[in-house]
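Asks: Here is a sequence with its predicted model. Questions after.
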Amino acid sequence: MDQQPYNPLHGITLKTLLTELVDHFGFAYLSEHINIRCFSNDPSIKSSLTFLRKTPWAREKVEAFYIKHKHLVHHSTQ
């Protein structure tokens, strides 16, 4: 039995999620809409992943942004 009833992030790694957001929006846009320094202060995928993995509140903000804008991210990559 599936232990995750409707989880929109099921099967999506944090790295994939972040990479899709950065590819579509860029770090500048993300830093304007998600108040996290790792997006505005010398941003990189690697440093952002490190921070997000250690900081649950920041990860929750990024995941919520992804869920809200998922249709835009996937639409542009197809």
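Replies: Great, that's in hand. Residues are numbered from 1 along each chain as shown.
Asks: Tell me where the longest helix sits in this protein.
Replies: helix 56-77 (DSSP state H).
Asks: now for that helix, which elements pack on it?
Replies: Secondary-structure packing of helix 56-77 (3 or more CB pairs under 8 Å, 6 or more residues apart in numbering; DSSP states H and E): helix 14-33, helix 45-54. In short, each C-beta sits where N, CA and C put it, glycine included.
Asks: do you know which of those lies nearest Phe65?
Replies: helix 14-33 (6.7 Å; CB to CB).
Asks: related to what we said a few turns ago, check the offset of the longest helix of the chain from the chain's centre.
Replies: Between the centre of helix 56-77 and the centre of its chain there are 5 Å (CA atoms, centre = their mean, to the nearest Å).
Asks: Equivalent analysis for stretch 11-21, please.
Replies: 6 Å.
Asks: what's the answer for stretch 28-42, then?
Replies: Here stretch 28-42 is found 11 Å from its chain centre; the criterion is CA atoms, centre = their mean.
Asks: Now it - C-alpha only, PDB.
Replies: C-alpha atoms of stretch 28-42 as PDB (Å, rounded to 0.1, in the frame of the first residue of the first chain):
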ATOM      1  CA  ALA A  28      17.400  36.600  -9.100                       C
ATOM      2  CA  TYR A  29      13.600  35.900  -9.500                       C
ATOM      3  CA  LEU A  30      13.700  33.300  -6.800                       C
ATOM      4  CA  SER A  31      15.500  35.600  -4.300                       C
ATOM      5  CA  GLU A  32      12.800  38.300  -4.900                       C
ATOM      6  CA  HIS A  33       9.900  35.800  -4.200                       C
ATOM      7  CA  ILE A  34      11.500  33.600  -1.600                       C
ATOM      8  CA  ASN A  35      13.400  35.500   1.100                       C
ATOM      9  CA  ILE A  36      16.300  33.100   1.500                       C
ATOM     10  CA  ARG A  37      19.900  34.400   1.300                       C
ATOM     11  CA  CYS A  38      21.200  31.300  -0.500                       C
ATOM     12  CA  PHE A  39      19.400  32.600  -3.600                       C
ATOM     13  CA  SER A  40      20.700  36.100  -3.400                       C
ATOM     14  CA  ASN A  41      24.200  35.800  -1.900                       C
ATOM     15  CA  ASP A  42      26.600  34.100  -4.400                       C
END
